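Student: Below are the sequence and a predicted model for it; my questions follow.
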Amino acid sequence: MSLLVKICGLSTRETLEVALDAGADMVGFVFFPPSPRHLSLEVGRDLGRQVKKRALKVALTVDADDATLDNIMDALSPDILQLHGKESVARLRDIKQKFGRPVMKAMPVETAADLAVLPGYAAVADRILFDARAPKDATRPGGLGAPFDWHLLENLDLHVPYMVSGGLHAENVAEALRVTGAGGVDVSSGVESAPGVKDPEMIKAFIRASRAIQELSVR
Ligand SMILES: O=C(O)c1ccccc1N[C@@H]1O[C@H](COP(=O)(O)O)[C@@H](O)[C@H]1O
């Protein structure tokens, strides 16, 4: 299966177009007010229309309630719901049933002990996203540009697709893929010139670097 590349936290028409043009498989939109990438529903609606099936639209939320998810469904009509908070396995099941969309559950990783809860989530989630555990005093649970120890995922025996994120950029994505064996990568800070400000050249370089390692592993 080919590598999935997700560019997250897009917030302008220009940078969304760059990501789509450069071949992103997934484009992520953040609906979480404390984030510098947070979108209003109206901006989300506008950007969602621009995608025109060229990539999968991913709505990133953090412990969102049903009313919030309803509004996001109406505005963006996402293809995937990325749940990046402390949602329980039961809540995942509930969201899948209520909203009828595949869910990608973000799992915070800092030590091997963090992987103990994986089987429960993997039984319900359509995809797992491994991300660095945020520090306790962080204002958001992700999008901080911090990596985790990728070696924790070595020898992972997971029967659902998984992606890796956290502090990725064009220079380290190849190594992250090599160590983790992930089927996809997700980036936000690593393609920004400042928090929330996406950089077209960095987006292109990240997608190029990810595709380069894919080419090598096909050969
Ligand atoms: O991007 C955000 O602001 C954000 C807010 C709340 C939860 C997750 C968020 N981003 C996701 O975090 C990971 C890692 O991002 P980074 O590349 O280290 O900046 C990624 O999946 C983003 O989608």
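Tutor: Here it is on my side, so go on.

Student: Please make it C-alpha for all contacts and neighbour counts, starting now.
Tutor: Fine.

Student: Residue 157 - how many residues pack around it?
Tutor: 7 (other Cα atoms under 10 Å).

Student: Need the three-state assignment for it.
Tutor: With DSSP: H, G, I helix; E, B strand; the rest coil as the basis, residue 157 sits in coil.

Student: Tell me the pLDDT of it.
Tutor: Looking at residue 157, its pLDDT is 88.

Student: oh, and call the first residue 46 from now on, that's how I've got it
Tutor: Shifting the count to begin at 46 puts that one at residue 202.

Student: For it, give its distance to residue 183.
Tutor: Counting by Cα to Cα, to the nearest Å, the gap from residue 202 to residue 183 is 30 Å.

Student: repeat for residue 99
Tutor: For residue 99, the distance to residue 183 - Cα to Cα - is 34 Å.

Student: contacts for stretch 72-90?
Tutor: With Cα atoms under 8 Å, 6 or more residues apart in numbering as the test, stretch 72-90 has contacts from 51-56, 61, 64-65, 100-107, 116-117, 120-121, 184-185, 240-241.

Student: Please repeat the previous calculation with a cut-off of 6 Å.
Tutor: With contact meaning Cα atoms under 6 Å, 6 or more residues apart in numbering, stretch 72-90 is reached by 51-55, 102-106, 120-121, 241.

Student: Just checking stretch 197-213 against the ligand, any contact.
Tutor: Yes: using Cα under 6 Å from any ligand atom, we find that stretch 197-213 touches the ligand at 210-213.

Student: Mark which of those residues are part of strands, please.
Tutor: Those of the residues of stretch 197-213 next to the ligand mapping onto strands are residue 210, per DSSP state E.

Student: show me where pLDDT drops low in the protein?
Tutor: Across the chain, the stretches falling below the confidence threshold (pLDDT under 70) are 46, 259-264.

Student: Pull the distance from the helix of greatest length in it to the chain's centre.
Tutor: The helix spanning the most residues in the chain, taking DSSP state H as the definition, is helix 245-263. On the basis of Cα atoms, centre = their mean, to the nearest Å, helix 245-263 sits 17 Å off its chain's mean C-alpha point.

Student: Which strands and helices lie in contact with that helix?
Tutor: Contact partners of helix 245-263 among helices and strands, from 3 or more Cα pairs under 6 Å, 6 or more residues apart in numbering; DSSP states H and E: none.

Student: Show residues contacting it.
Tutor: If you take Cα under 6 Å, 6+ apart as the criterion, helix 245-263 is touched by 67, 215, 219, 236.

Student: could I get that helix in PDB with only the CA atoms?
Tutor: Only the C-alpha atoms of helix 245-263 are listed here, as PDB (Å, rounded to 0.1, in the frame of the first residue of the first chain):
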ATOM      1  CA  PRO A 245       4.700  26.500   0.900                       C
ATOM      2  CA  GLU A 246       8.300  25.400   0.300                       C
ATOM      3  CA  MET A 247       8.400  23.400   3.500                       C
ATOM      4  CA  ILE A 248       5.100  21.700   2.600                       C
ATOM      5  CA  LYS A 249       6.600  20.700  -0.800                       C
ATOM      6  CA  ALA A 250       9.900  19.600   0.700                       C
ATOM      7  CA  PHE A 251       8.100  17.400   3.300                       C
ATOM      8  CA  ILE A 252       5.900  15.700   0.700                       C
ATOM      9  CA  ARG A 253       9.000  15.200  -1.600                       C
ATOM     10  CA  ALA A 254      11.000  13.700   1.200                       C
ATOM     11  CA  SER A 255       8.200  11.300   2.200                       C
ATOM     12  CA  ARG A 256       7.700  10.200  -1.400                       C
ATOM     13  CA  ALA A 257      11.400   9.700  -1.800                       C
ATOM     14  CA  ILE A 258      11.600   7.100   1.000                       C
ATOM     15  CA  GLN A 259       8.500   5.400  -0.500                       C
ATOM     16  CA  GLU A 260      10.200   5.100  -3.900                       C
ATOM     17  CA  LEU A 261      13.300   3.500  -2.200                       C
ATOM     18  CA  SER A 262      11.200   0.900  -0.300                       C
ATOM     19  CA  VAL A 263       9.400  -0.100  -3.500                       C
END
